[in-house]
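Student: Model the following, please.
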Amino acid sequence: MVKVQIFSMMSISDAEIVAGTGADHVGFQVSTENIPYTVDPQLGHNICEAIKPLAKAVMIPISRDPDRILEIARIVEPDIIQLANEEKTLGYDAFSALIKNLKNEGFTTIKVIAVGSGDELEIVKLYSRISDLIMLDTYGNPPSELLKGFIGGTGKTNDWKLGRIIVESINKPVILAGGLNLDNVTSAIEQVKPWGVDAASALSIPGTRGKKDIEKVKRFVELAKG
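Tutor: Below is the predicted model of the structure:
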């Protein structure tokens, strides 16, 4: 059965409700700076505590510093750390060293790959050697200038044919992200055959800071798992 990951939680109450819908992963972005769509490390930790044992907590650390990422991980204590840094904000050597340190402390890792950058196949083969899971998200500008250098948040779909090729070319679980919603998630799963799917903005209530429309979340989970 396909796994479902829902981002980006901004409150404990939202996270608890989403976890109760049957979502397997509940995610949030963490920063120590005043960046849109992020929570601070202490709130991130509280979200993790609140959703156990209903779902696994997934954190995206919004930082370019490997030492700071490790420090945030120790405070938040998520089940999974999703690294969405572009190569220019966290190169392969630094990423490899960080992954080793995170795994030594018991964290599972997801590496986000930007589909549409032009060299996805080579990049995904490289990073799949060391990361536990791979996420395919859409190349493009994030929702805030302060999130530049990080992959995701475009709200746009990507090349599902290429996604299927990637799924078949690596021996790691692949999560498909990028513009997934109630209208296209079934087709996306049929075409790509991913291990899991991820959604965020399409399930949020317009005009809110990412607050989720729970009926949409429930339906998304049903469609993905059906």
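
Student: roughly how far apart are the residue nearest to residue 1 when sequence neighbours are not counted and residue 84?
Tutor: Once its chain neighbours are removed from consideration, residue 1 has its nearest residue in residue 225; the separation is 5.4 Å (C-beta to C-beta, 6 or more residues apart in numbering). Glycine gets a C-beta too; all of them are placed from N, C-alpha and C. The gap separating residue 225 from residue 84 is 25 Å, by C-beta to C-beta, to the nearest Å.

Student: in the helix or strand encompassing residue 167, what's buried?
Tutor: Mapping residue 167 onto the secondary structure by DSSP states H and E places it in helix 160-169. For helix 160-169, a neighbour-count test (16 or more other C-beta atoms under 10 Å) marks 160, 162, 163, 164, 166, 167 as buried.

Student: circling back: spit out the contact partners of the residue nearest to residue 1.
Tutor: Counting by C-beta atoms under 8 Å, 6 or more residues apart in numbering, residue 225 makes contact with 1, 2, 4, 22.

Student: among those, which two are most distant?
Tutor: When C-beta to C-beta is used, the two most widely separated members of these are 2 and 22, lying 11.6 Å apart.

Student: The two: which is more packed in?
Tutor: Between residue 2 and residue 22, counted using other C-beta atoms under 10 Å, the more crowded position is residue 2 (19 against 15).

Student: Against residue 12, how distant is the nearest residue to residue 192 once chain neighbours are set aside?
Tutor: By the measure of C-beta to C-beta, 6+ apart, the closest residue to residue 192 outside its immediate chain neighbours is residue 163, 4.2 Å from it. According to C-beta to C-beta, residue 163 stands 33 Å off from residue 12.

Student: do the same with residue 149
Tutor: Residue 149 sits at a distance of 28 Å from residue 12 (criterion: C-beta to C-beta).
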